[in-house]
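> Got a sequence here, can you model it:
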Amino acid sequence: MRELILILHIVTSVVACILTGIILIRAIGGLLGKFKLTKWEVQLPFIATMLLYLQFILGTILFVMYMIEFASGEMNVYQNQMVKGRFWAVEHFILMVFTLVISHIGWIFAKSNHTPKLIFKKNFLYFGIACAMIMISMAMNIIRYAI
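Presented below is the predicted three-dimensional model:
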């Protein structure tokens, strides 16, 4: 069960990162006058935010499972790795909650503004930050588990 949730969490994270990257590219193109405002400038932020909510739910389940394993002593690894792992779980969880908040604010601005330039600016700012945070989190995960 845990492996399935972890795989879904990873897939959701990668898709959310790609989608926020697309939003960022479209925002840059819109600010440079290469793209016209379409319905996608509001729908893509909504989809990205919903993916981040799904990622949050899956991540919360994984976090709880991890903490239960850690508290029950089921983890049979070196003490240093256990402390490092527990710190990473909390750090990653907080980073992704902040990413979700930033994304949600960006989506609210995208749907409430009617000026194309302002929508592109808000998408660039908020989803640029969200994309960077997701990429940082994914890079930290890769470094943590690959090394």
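
> May I see the buried residues of stretch 15-22?
Ala16, Cys17, Leu19, Thr20, Gly21, Ile22 (16 or more other C-beta atoms under 10 Å). All C-beta atoms are positioned from the backbone trio N, CA, C, and that covers glycine.

> do the same with stretch 56-63
Along stretch 56-63, these residues count as buried under the neighbour rule (16+ other C-beta under 10 Å): Phe56, Leu58, Gly59, Ile61, Leu62, Phe63.

> okay, these in CSV with pLDDT next?
Shown next, in CSV, are these (pLDDT from 0 to 100):
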residue, pLDDT
Phe56, 90
Leu58, 92
Gly59, 87
Ile61, 91
Leu62, 85
Phe63, 81
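
> Just name the shakiest helix or strand of this protein by mean pLDDT.
Confidence across the helices and strands of the chain bottoms out at helix 79-112, with a mean of 78, counting by mean pLDDT, DSSP states H and E.

> Report all helices and strands that the helix or strand following that one contacts.
Proceeding N to C from helix 79-112, the next assigned helix or strand is helix 116-146, under DSSP states H and E. Counting contacts by 3 or more C-beta pairs under 8 Å, 6 or more residues apart in numbering; DSSP states H and E, helix 116-146 is packed against helix 2-31, helix 40-72, helix 79-112.

> The shortest one to helix 40-72, inter-axis angle?
Angle of helix 2-31 versus helix 40-72, following axes from the mean of the first three to the mean of the last three C-alpha atoms, to 10 degrees, is 150 degrees.
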